[in-house]
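**Student:** take this sequence and fold it.
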Amino acid sequence: MKQHARDDLQKIAKVDQDFLNREMSRSQRLERWIDLLERSPRQFLSTLRETEFQPSETRAAMRTDSSPISVAFADPVLRAAGLENDSYGEAKRFFELTDHELHGIVCYCHFGETVNSAVVARSIRPLVAGRPPSLFARLRKALSI
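**Tutor:** Modelled structure (predicted):
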C-alpha cells in the first residue's frame, strides 16, 4: 500500500470540506433529530419538569442529562449546523419550535420521568410537514376568493 501525505490526498480526493458546515432547513434539522432518536428506539430519555409553569428565562435555561435535546446536541452535524447547547431555549431556537410544540416533545406532564426515544421521534414527526395555516390565514384565503 502506497503512503501519501494528507495534503496530497486532499488535492486528489473529491471530498466536500464544507459537509458539516452546510445550512439545514427546519425540516432537515427535525428529520435529523428524528433519525438520531430512531437509531436507539428503546433508549429511555429524561424529560423536563413542568416547562409550562416556568418563567420564560428559567424555561429557556432548563436542561437535563439524557434528554431528547441532549441526543440532538451529541450529533456533530447538528452542532455544526448551529445547535449551541442542550437547553430548552436553544432547542426552541434551533429547531424553530413554539413553546407549545417543544413542550409536547420534552415535558414531564406528557410522558412521566422518562420517555422512550421512539415515542419522542413520533411526536416530532408531524412537525416536519410544517405548521397548518393559522385561523387568520385561512379566513384571509377564504375571503379573497
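**Student:** residue 23: how many residues sit nearby?
**Tutor:** Burial of residue 23 is recorded as 8 neighbouring residues (other CB atoms under 10 Å). All C-beta spots, glycine's among them, are computed from the backbone N, C-alpha and C.
**Student:** residues contacting the nearest residue to it once chain neighbours are set aside?
**Tutor:** Among residues not flanking residue 23 along the chain, residue 81 sits closest, at 6.9 Å (CB to CB, 6 or more residues apart in numbering). Shown in contact with residue 81 (CB atoms under 8 Å, 6 or more residues apart in numbering): 22, 23, 24, 29, 94.
**Student:** wait, the fourth one sits on residue 93?
**Tutor:** No. In this structure, residue 29 is not within contact of residue 93 by CB atoms under 8 Å, at 11.1 Å.
**Student:** more crowded one of the two?
**Tutor:** Remark: of residue 29 and residue 93, residue 29 carries more neighbours, 21 against 14, as counted by other CB under 10 Å.
**Student:** helices or strands next to the helix or strand the more buried one falls within in the packing?
**Tutor:** Per DSSP states H and E: residue 29 is located in helix 26-39. On a contact count with 3 or more CB pairs under 8 Å, 6 or more residues apart in numbering; DSSP states H and E, helix 26-39 meets helix 68-73, helix 76-80, helix 117-128.
**Student:** so which elements touch the first one?
**Tutor:** For helix 68-73, the elements it packs on are helix 26-39, strand 44-46, helix 88-94, helix 99-106, helix 117-128, judged by 3+ CB pairs under 8 Å, 6+ apart.
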